[in-house]
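>>> starting from these lines, generate the structure:
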Amino acid sequence: MSPRSPDPASPDVLQRCHENSVEAYRLFARTTAGGRLVERDGIVFTDCQATDSMGNVTAITRPVQDPEAVLAEIDAFYEPHEQPWMLFVVPEAVPGIEGPANRQLTDEGWFPGLILDPIPATPPPLPAGVVVRQVESVDELRVYERTAARAYAVESGPVDPGWLRYPGFSFHLAYYRGAPVATATLTASHGIAGIIYVGTVPEARGRGFGRAAVGAAIDAGRAQGLTRSALWATPMGRPLYERMGFRENTRYRIWTPSRFPLPAAFRSR
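Reported below is the predicted structural model:
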């Protein structure tokens with residue numbers, strides 16, 4: 001993805017967007033059975049028991065002194081379990097990582113961090129025949145997971161009841177004529193209504209269903225008193241978010257092991 005100059009954001013807002021981008025992985029690692037979470041010196045290692053590289057993440061949120069040592073730590077964290085994973089790096093930390101990472105990993109490129117400021121007073125109108133529900137049961141959470149997996153063309157993974165009890169976190173599932181078609185998740189932290197896991201099943205794309213799910217998740221953040229929403233966008237999703245008023249305010253760099261590339265919907269192009 002060719003980066004363009006982001007719109008300026010205050011250092012405080014930018015840092016809170018960075019932290020919010022990582023918070024969802026902390027949550028899944030803390031609440032998923034068998035999950036692991038290790039944090040130190042601006043590095044967050046998460047094992048969320050995910051079956052694809054976008055779900056188990058090491059995030060680097062500040063410059064590191066010894067990139068080679070960090071990469072060795074990442075290998076030691078994931079390799080014994082033969083797990084897919086990705087390395088997610090905030091722009092301020094990229095210069096120290098770039099050389100070693102390009103030799104050992106697949107460079108997936110830059111992904112834009114987008115912000116919606118302020119959050120609209122009301123969500124967008126729903127398309128005819130669409131209902132968006134906040135997930136409240138483990139059974140519906142499984143439906144949500146299967147719907148998101150279809151949207152991303154990945155294997156459906158496990159769900160955990162702990163996801164439904166985490167403060168500020170909610171899942172939103174859009175139904176069209178009773179069938180689940182689109183997903184979006186709110187992770188509210190650091191004063192930001194973060195939006196993740198947005199997806200629409202292939203046969204239902206281009207009909208406003210993803211926008212409906214995202215709008216419901218953002219509005220859930222507004223109901224918690226938040227005034228800004230943020231996310232990092234895939235090539236497929238970016239046009240939708242920009243139509244909703246999101247604007248780029250930062251970029252994130254992503255690498256993956258060569259045998260565990262990002263799902264096709266997430267890959268830069």
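>>> so what's the spatially most central residue of the chain bridging to?
Averaging the C-alpha coordinates of the chain gives a centre point, and the residue nearest to it by Cα atoms, centre = their mean is Ile196 (4.0 Å). Going by DSSP bridges, Ile196 is paired in beta bridges with Thr185.
>>> residue contacts, it?
Listed by Cβ atoms under 8 Å, 6 or more residues apart in numbering, the contact partners of Ile196 are Ala24, Ala184, Thr185, Thr187, Leu231. (Each C-beta comes from the backbone N, C-alpha and C, glycine too.)
>>> redo those as a markdown table? Include pLDDT.
Conversion of the contacts of Ile196 to a markdown table gives the following (pLDDT from 0 to 100):
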| residue | pLDDT |
| --- | --- |
| Ala24 | 91 |
| Ala184 | 98 |
| Thr185 | 98 |
| Thr187 | 97 |
| Leu231 | 97 |
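>>> just flag the most distant two among these.
When these are compared pair by pair using Cβ to Cβ, the farthest-apart members prove to be Ala24 and Ala184, with a separation of 12.1 Å.
>>> of the two, which one has the most company?
Set Ala24 next to Ala184 and count neighbours by other Cβ atoms under 10 Å: Ala184 wins out with 29 against 22.
>>> ok, that one - contacts?
Contact analysis of Ala184 by Cβ under 8 Å, 6+ apart lists His172, Ile195, Ile196, Tyr197, Val198, Gly210, Ala213, Val214, Ala216, Ala217.
>>> and the closest residue to Gly208 other than its chain neighbours, how many residues sit next to it?
In space, and not counting its chain neighbours, Gly208 is closest to Pro127: 4.3 Å by Cβ to Cβ, 6 or more residues apart in numbering. When neighbours are counted by other Cβ under 10 Å, Pro127 registers 13.
>>> so Tyr25, which of the three states?
Three states are possible here, and by DSSP: H, G, I helix; E, B strand; the rest coil the one that applies to Tyr25 is helix.
>>> check contacts around it.
Val44, Thr46, Cys48, Val57, Ala59.
>>> among the residues you listed, show me the least confident.
For these, the model is least confident at Cys48; its pLDDT is 94.
>>> so what's that residue up against?
Cys48 makes contact with Tyr25, Phe28, Ala29, Thr32, Gly35, Gly55, Asn56, Val57, according to Cβ under 8 Å, 6+ apart.
>>> nearest to Ile119 among those residues?
Ranking the contacts of Cys48 by separation from Ile119, with Cβ to Cβ as the measure, puts Tyr25 on top at 23.1 Å.
>>> nearest to Val94, of the contacts of Ala184?
Ile196 (21.4 Å).
>>> separation between that closest one and Gly129?
Distance check for Ile196 against Gly129: by Cβ to Cβ, to the nearest Å, it reads 26 Å.
>>> tell me the buried residues in stretch 175-195?
Neighbour counts using 16 or more other Cβ atoms under 10 Å place 175-176, 180-190, 192-195 of stretch 175-195 among the buried residues.
>>> next: stretch 210-229.
Judged by neighbour count using 16+ other Cβ under 10 Å, the buried positions of stretch 210-229 are 210-222, 226, 228-229.
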